[in-house]
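A.B. asks: sequence-free structure coming up:
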């Protein structure tokens, strides 16, 4: 078990290293650095001003060297100011200016995540605050999605080919075949517009007080989550993930329902409800458990779209903003977080699988 | 509203001249007001010269208190003189004030100044400061503070300091010229210009000209909010929003004439107007920063009426003359002739503006001379292109992926194509477009308005200027522009301006299809928040009814 864990963590580190290097390379090609200089020092500055800005802020060194700076294996750049104080990567990150006061190396290895150029704040602070916001979104998505998916899957799978199965399967396939950027827009038009969709009807019947049923913009959820401002983003992400899990649950359920021991139980006269709940369900849930865990990284995709669509400043929104503004260190940190999320959920799914299915060993 | 307290100084000679022209009908009222107030005539006096009464603030009484929520981009703050977006300035307007302000009616009004006066050839300006102004840290506002700010503006060694170009008549070698600013007493300053410049006062109304405290060194005016205004920041999160509240510890010099709202919340909802719509429908915002295209009407439909500002803002579809084939004047003129500006306005901008004349001087500018424009003749255009041996050449028109800018360029390109000239369109995302905006051979750039016609010409078409994206270099043009910059007299300057505009037409510098009107949408209950031609959000005057 320990060997397995160590191997997994090793894979995680190597993946993170490769991914961050790719991100670093892509965000540090000269045209991108020019974009950065222009967003930082003025969008209409001249080429010589761009060059001087890049030079003064330590962006003119070889790319590999600067990647080393970020990792904390190469010493950070320094410049002496006219008044005798120092500026440099480590001086900025520690907030010191006396010569020699700051450490030579200040990268990931030393615990420095760098500063976000877009948000003018330490990356660790930005990521922590935004991950918190996404955490709430994901929590509600899972609370809505998992029970719904399991119920739909189990109901569809317990009598394969029945009318219930056909109807629920169609629903599951439709929901998983509709990407978030379609369902989100459809939801907004249906529920959050005062001129089209349901809201004008409800208003004319006097059922709702405000102009719209749900809020089409989730910004206010940052301060206080309510059913009205959070329902649409949660439903948009949950519906997409739900269909797939429901399909897997149904497949697993139908398979279990054809097993010999279920037939035996039926022949012995056990009631149908008892068969499903007592005998079939536990075995049928092994496969969906893995899928639910693997679905979480997938949901991060949807989170980017949904958070941008509903202006909810979470992790996905941050990723989008960082990419749009070439915020190098924020993008790197975001990719590290993404790698962690993917591999940790895989780890949980592997370990959980072992506990659910005694026939499997991890080694 | 801001108003001058007393006025005993004699009227500027030229102001009377302008008033006569205005009455004769050779000068529009708006032009008259801009010019007369720029020369130091108070707005009520300027209206008086015309025999009119200055319009008063709205009849509806503003209510004290309340919160306003407005959609606006919140960008990372930096040193005010390097601001490159009006939004950066708008956040800080509640505490960082200006010496003067440019009003919707084209006048220049005093804010931290009480009055100003120019000598006859516009080389010496005497500025009188308003008395009784204090900073919110308790310091008294004095002439030395203004001198310090002018010195900051003149420092061209700061990257992106766009004020340096606006203050060129006061600077020398990228620094404030020795003796350019003379402190007469605590409340009086005298500016000695190296050459006549009629735009120096209106330049001080431009958004990077926010007046900062001498202790301001850093690059974030939100972190260290020392200013003279009645508000202070509560929070500022880039890309998310900013909250401003009335400052209870500070007595504003203009107490009683503003600072009605308790709290202003700016929400950055991204660049997609559909998201703003959704927020407005859910009651999360009360007004937009700027609405364009179809959304102006859509917002009206959901109960946010529009507010319009007529401006000299435009889209310059310019050629870069340093690059082939646009180094050939016949090619430039031919492409101009293939485009009918009225059609571009209709298809590219929903007719929300007025047709322009390819020389970047607007009829609302004081010195505008009506010299006609390029003739529309697609057949001649095709013949000229063929005569230059470019019949098979494929031109390329580049634009940013912004909705109306792309549509305008599409419509320009469609007409060039209809004339039988090969052209392809390229649309670049905002992040990459600005990397090279000065050097694209043929592309479009959004230009915001300046109050005087000479101002944009100084910035965009003078040889060697930083923002000269047309690569235009013409000694005669430069000399005439220098001349125009020092002429206070209306007709005299217009004569020079006519020549300048003619050079721009003869040289085929740009296709400039229209002047934009600007819109924002806001709820009926918000007062004094009309759209401003230079995008100003002076929330210290906004109120709820």
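C.D. replies: That came through, no problem. Keep in mind that what you see is a predicted model, and the values were worked out from it rather than measured.

A.B. asks: Any idea how many residues pack against the nearest residue to residue B:227 once chain neighbours are set aside?
C.D. replies: Among residues not flanking residue B:227 along the chain, residue B:95 sits closest, at 3.3 Å (Cβ to Cβ, 6 or more residues apart in numbering or on different chains). Placement of C-beta: from N, CA and C, glycine included. Residue B:95 has 27 neighbours, counted by other Cβ atoms under 10 Å in any protein chain shown.

A.B. asks: For residue B:95, which three-state class applies?
C.D. replies: Classification of residue B:95 using DSSP: H, G, I helix; E, B strand; the rest coil returns coil.

A.B. asks: from what I can see it touches residue B:232, true?
C.D. replies: Yes: with contact defined as Cβ atoms under 8 Å, residue B:95 and residue B:232 form a contacting pair (5.7 Å).

A.B. asks: which neighbours do these two share?
C.D. replies: Overlap of the contact sets of residue B:95 and residue B:232 (by Cβ atoms under 8 Å, 6 or more residues apart in numbering or on different chains) consists of B:136, B:225, B:247.

A.B. asks: just the residues you listed now: which is nearest residue A:337?
C.D. replies: Comparing those against residue A:337 with Cβ to Cβ places residue B:225 closest, at 33.4 Å.

A.B. asks: which residues sit in contact with residue 211?
C.D. replies: Since you didn't name a chain, this refers to chain A. A:194, A:199, A:203, B:281, B:283, B:302, B:303.

A.B. asks: Let me rephrase: I mean chain B.
C.D. replies: B:96, B:97, B:98, B:99, B:112, B:145, B:146, B:149, B:227, B:228.

A.B. asks: Out of the residues you listed, which sit inside helices?
C.D. replies: Those of the contacts of residue B:211 mapping onto helices are B:145, B:146, B:149, per DSSP state H.

A.B. asks: Do you have the strands of the stretch 251-363 of chain A handy? List them.
C.D. replies: Read by DSSP state E, counting those that start in this stretch, the stretch 251-363 of chain A holds no strands at all.

A.B. asks: pLDDT weak spots in it?
C.D. replies: Applying pLDDT under 70 to the stretch 251-363 of chain A flags residues A:361-363.

A.B. asks: In it, what residue lies closest to chain B?
C.D. replies: residue A:311 (4.6 Å; Cβ to the nearest Cβ).

A.B. asks: May I ask you to confirm that residue A:31 is in contact with residue B:432?
C.D. replies: Yes: here residue A:31 reaches residue B:432: they are 7.0 Å apart, a contact under Cβ under 8 Å.

A.B. asks: Quick check: phi and psi at the residue of the stretch 201-350 of chain A at minimum distance from chain B.
C.D. replies: Of all residues in the stretch 201-350 of chain A, residue A:216 sits closest to chain B, at 3.0 Å by Cβ to the nearest Cβ. Backbone torsions for residue A:216, taken as degrees, to the nearest 10, come to phi -90, psi 10.

A.B. asks: How many residues are close by it?
C.D. replies: When neighbours are defined as other Cβ under 10 Å, residue A:216 has 31 of them.

A.B. asks: Ok, residue B:303 next?
C.D. replies: 13.

A.B. asks: you'd agree it is up against residue B:523?
C.D. replies: Yes: between residue B:303 and residue B:523 there is a contact under Cβ under 8 Å: 7.0 Å.

A.B. asks: Who are the contact partners of residue B:497?
C.D. replies: Residue B:497 makes contacts with B:361, B:367, B:368, B:369, B:453, B:454, B:484, as judged by Cβ under 8 Å, 6+ apart.

A.B. asks: Output these in CSV; the columns should cover secondary structure and neighbour count.
C.D. replies: Shown next, in CSV, are these (DSSP: H, G, I helix; E, B strand; the rest coil; neighbours: other Cβ atoms under 10 Å in any protein chain shown):
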residue, secondary structure, neighbour count
B:361, coil, 24
B:367, coil, 26
B:368, coil, 20
B:369, coil, 20
B:453, helix, 28
B:454, helix, 25
B:484, helix, 24
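
A.B. asks: how far away is residue A:61 from residue A:28?
C.D. replies: In this view, residue A:61 and residue A:28 are 10 Å apart by Cβ to Cβ, to the nearest Å.

A.B. asks: Next: residue B:91.
C.D. replies: 31 Å.

A.B. asks: Neighbour count: those two, which is higher?
C.D. replies: residue B:91 (24 against 16).

A.B. asks: in the sheet, who's paired with the residue nearest to the more buried one when sequence neighbours are not counted?
C.D. replies: On the basis of Cβ to Cβ, 6+ apart, the spatially nearest residue to residue B:91 that is not a chain neighbour turns out to be residue B:242, at 5.3 Å. Going by DSSP bridges, residue B:242 is paired in beta bridges with residue B:236, residue B:266.

A.B. asks: May I ask which of the shared contacts of residue B:95 and residue B:232 has the most neighbours?
C.D. replies: Per-residue neighbour counts (other Cβ under 10 Å) across the shared contacts of residue B:95 and residue B:232 peak at residue B:225, which has 22 neighbours.

A.B. asks: Isn't that one up against residue B:235?
C.D. replies: No: the pair residue B:225 and residue B:235 does not pass the contact test of Cβ under 8 Å, sitting 11.8 Å apart.

A.B. asks: Let's verify residue B:313: helix, strand, or coil?
C.D. replies: Classification of residue B:313 using three-state DSSP returns strand.

A.B. asks: distance of the most centrally placed residue in chain A from residue B:45?
C.D. replies: The centroid of chain A falls nearest to residue A:300 when counting by Cα atoms, centre = their mean (2.6 Å). To residue B:45, residue A:300 is 64 Å away according to Cβ to Cβ.

A.B. asks: what's around the residue of the stretch 251-363 of chain A closest to chain B, how many residues?
C.D. replies: The burial count for residue A:311: 29, using other Cβ under 10 Å.
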